[in-house]
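Student: Fold the following and give me the result.
(one chain, ligands or ions: 2)
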Amino acid sequence: MANDSGDDVPLVEARDLAVRYPNGELALYNVSFTIKAPSFTAVIGPNGSGKSTLMKTILGLIHPTRGTVSVMGYDVVRESKEIRKLVRYVPQRDHIELSIPMRVKDIVLMGRLLKKPAPRFASSMDKKAAKEALARVNMLELWDRPFPELSGGQRQRVLVARALASSGPLLILDEPLAGTDAESQKLIVNALSDYQKNNNVSVIMVTHDLNPIHVLVQNVLLLRNTLLGVGTPCDVMDTELIKQVYGPTAQIVEHSGHKYCITHDSGVDRHD
Ligand SMILES: Nc1ncnc2c1ncn2[C@@H]1O[C@H](COP(=O)(O)OP(=O)(O)OP(=O)(O)O)[C@@H](O)[C@H]1O
Ligand SMILES: [Mg+2]
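Tutor: Ligands and ions are numbered 1, 2, ... in the order given. Model (predicted):
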């Protein structure tokens, strides 16, 4: 049960979390952190470092092998029904099912309908919210288009719109900027930023590049299958830490008051 001490309940709390896949792969171990609401958190780390696994565990899609995770005091395993109400999710791009011939409007409306009790029909309110969300990412003109026919960047924007149209105080986005051009990145980041500020929601975003979101982020979790860094973007932009995670060629460079993280994995990440 969620404890009801109001504001003191953390948004997300992980305690000694470990996740091992059935094939024996230990994706996460010894992961403990607390995120308070409202906040914008970035999750960074190289390929295979357990970022998506952590997001799926917070969503209750994967069960911990050890330890616990809670969202607003609700245990993600035992209280999965509550978790579905609290969290909205944009999955990593390569994991999106494209064989289902849905239209853009169906995808965005799904964000609302999945949180309603059956029978699930879209009301005029649902349609209005779906259209508003698509307009936020400049995709309204694609309302009737088949989703699989869109470009990767357009699909990504539609999925962000689906999350914006949905409800729940926590948005989890797994690399929503991957494979998108500078304009799409700007649209997605601005839409998320406006939405977060105006609706008192929290965001956890997996990203390979802190640069487009560095001004929005209060917390960074740096993963390499365990939590190697946690703190503000400035705290985590530490040379020793970055080398430990991305290897000896990674470095922090300061230029014109900005900190840049250069890694062979993610290119250049900057933080002021
Ligand atoms: N379904 C699965 N079954 C077995 N092992 C898995 C599964 N999913 C992920 N893994 C393994 O768990 C580890 C963490 O994977 P995960 O997808 O969480 O990493 P990631 O940080 O999201 O990587 P990327 O940056 O490539 O998205 C990897 O070693 C991966 O091979
Ligand atoms: Mg991933």
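Student: Residues of the protein that sit close to ligand 1?
Tutor: For the chain, the residues in contact with ligand 1 under the definition C-beta under 6 Å from any ligand atom are 21, 23, 25, 27, 45, 47-53, 92. (C-beta placed from N, C-alpha, C; glycine too.)
Student: which residues in the stretch 51-200 of the chain form helices?
Tutor: Secondary structure of the stretch 51-200 of the chain (DSSP state H, counting those that start in this stretch): helices located at 51-58, 80-86, 104-113, 124-136, 152-165, 182-199.
Student: Include mean pLDDT, mean neighbour count and distance to Cys261 when you put those into TSV, please.
Tutor: TSV is the format used below for those (pLDDT from 0 to 100; neighbours: other C-beta atoms under 10 Å; distance: least, C-beta to C-beta, whole Å):
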stretch	mean pLDDT	mean neighbour count	distance to Cys261
helix 51-58	98	24	16
helix 80-86	93	16	32
helix 104-113	92	22	33
helix 124-136	95	17	30
helix 152-165	93	23	23
helix 182-199	90	16	18
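Student: Just send those helices back as a markdown table, with distance to Val253 too.
Tutor: Listed next are these as a markdown table, based on distance: least, C-beta to C-beta, whole Å:
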| stretch | distance to Val253 |
| --- | --- |
| helix 51-58 | 24 |
| helix 80-86 | 39 |
| helix 104-113 | 40 |
| helix 124-136 | 35 |
| helix 152-165 | 29 |
| helix 182-199 | 21 |
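Student: Nearest to Thr207, out of the ones you listed?
Tutor: helix 51-58 (9.0 Å; C-beta to C-beta).
Student: So what's the gap between that closest one and the chain middle?
Tutor: 9 Å (C-alpha atoms, centre = their mean, to the nearest Å).
Student: does any bit of it sit next to ligand 2?
Tutor: Yes. Helix 51-58 reaches ligand 2 (C-beta under 5 Å from the ion) through Lys51, Ser52.
Student: what's in contact with that helix?
Tutor: With C-beta atoms under 8 Å, 6 or more residues apart in numbering as the test, helix 51-58 has contacts from 12, 14, 17, 19, 27-28, 31, 43-45, 62-64, 69, 71, 76, 87, 89, 92, 95, 172, 174, 204, 206, 221, 223.
Student: Among those, name the buried ones.
Tutor: Neighbour counting by 16 or more other C-beta atoms under 10 Å classes 12, 14, 17, 19, 27-28, 31, 43-45, 62, 64, 69, 71, 76, 87, 89, 92, 172, 174, 204, 206, 221, 223 among the contacts of helix 51-58 as buried.
Student: for the most centrally placed residue in the chain, which residues make a bridge with it?
Tutor: Nearest to the geometric centre of the chain sits Leu173, at 2.3 Å (C-alpha atoms, centre = their mean). Under the criterion DSSP bridges, Leu173 forms beta bridges with Val90, Met205.
Student: any idea how far it lies from ligand 2?
Tutor: 11 Å (C-beta to the ion, to the nearest Å).
Student: Which residue, other than its chain neighbours, is closest to Pro101?
Tutor: Distances taken as C-beta to C-beta, 6 or more residues apart in numbering place Pro146 nearest to Pro101, at 6.1 Å, with adjacent residues excluded.
Student: How many residues are close by that neighbour?
Tutor: Neighbourhood size, Pro146 [other C-beta atoms under 10 Å]: 12.
Student: so it makes contact with Lys105?
Tutor: No. The pair Pro146 / Lys105 is not scored as a contact, 10.5 Å apart, by C-beta atoms under 8 Å.
Student: Find residues that contact each of the two.
Tutor: What both Pro146 and Lys105 touch, as defined by C-beta under 8 Å, 6+ apart, is an empty set.
Student: So for the residue nearest to the centre of the chain, what pLDDT did the model give?
Tutor: Confidence at Leu173, expressed as pLDDT, is 96.
Student: Show me where this structure has its strands.
Tutor: Taking DSSP state E, the strands of the chain run over residues 12-20, 26-35, 40-44, 66-71, 74-75, 87-90, 170-174, 202-206, 219-223, 227-231, 251-255, 258-263, 267-271.
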